[in-house]
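Q: what's the 3D shape of this:
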Amino acid sequence: MAAKTVQFWVDKFQLSEHPHAKGYYKETFRDSAQVQNARGEERSASTLIYFLHVPEQLDNSTTFFRVQSTEMIHWYQGEPLTLYYMPDANSTELKKVVLGPDHDQFHFCFPRQCWFTRLCLTENKDGFSLVGATVAPGFDFKDLETRTYGELKQNCI
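A: A predicted model of the protein is given here:
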């Protein structure tokens, strides 16, 4: 069997370029059940996407995200995926978790409203990390905030 490539997964799952992150995605599930999020707004109970990360390094231009819901990352295939998050809203101190076959975890839950990023840290230019991201209550782009790592450090959130 031939080695799977970024293009293989893009074609297989009909992934699109993500508008805010380096990689490709596709929503595969949006719950028909409706719930209220923490702000009292109606959302799907949960959503699920495939996300295909391509190689990227952590630097001041790295995009960090914050959503109003809990986001769960599930590692599926490829290079290990490195997760960075800021559990303290008053500090830019990063916590690090690595998901993958040579690590202790295959999934991780980011607490709602914390800043986080997910990176495929590899020297392999053809490397990738294929993951799933479940969000509950469900994801809505209206709930998404983005900042660069440099902006977060400069403004100390």
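
Q: Backbone torsions only: list them for G40.
A: Backbone torsions of G40, given as degrees, to the nearest 10, read phi 80, psi 10.

Q: what's around it, how many residues?
A: Counted by other Cβ atoms under 10 Å, the residues lying close to G40 total 6. (Glycine included, C-beta is placed from N, CA and C.)

Q: Same check on the one 5 residues further on?
A: Taking other Cβ under 10 Å as the criterion, the count of residues near A45 is 13.

Q: Likewise for the one 5 residues further on?
A: Using other Cβ under 10 Å, Y50 has 20 neighbouring residues.

Q: is it in a bridge, and if so with what?
A: K26, G132 (DSSP bridges).

Q: From F64, how far out is it?
A: Distance from Y50 to F64, counting by Cβ to Cβ, to the nearest Å: 21 Å.

Q: residues touching the closest residue to L58 other than its chain neighbours, list them.
A: Of all residues not flanking L58 in the chain, L119 sits nearest, at 6.0 Å (Cβ to Cβ, 6 or more residues apart in numbering). Counting by Cβ atoms under 8 Å, 6 or more residues apart in numbering, L119 touches H53, E56, Q57, L58, T62, L81, T82, L83, Y84.
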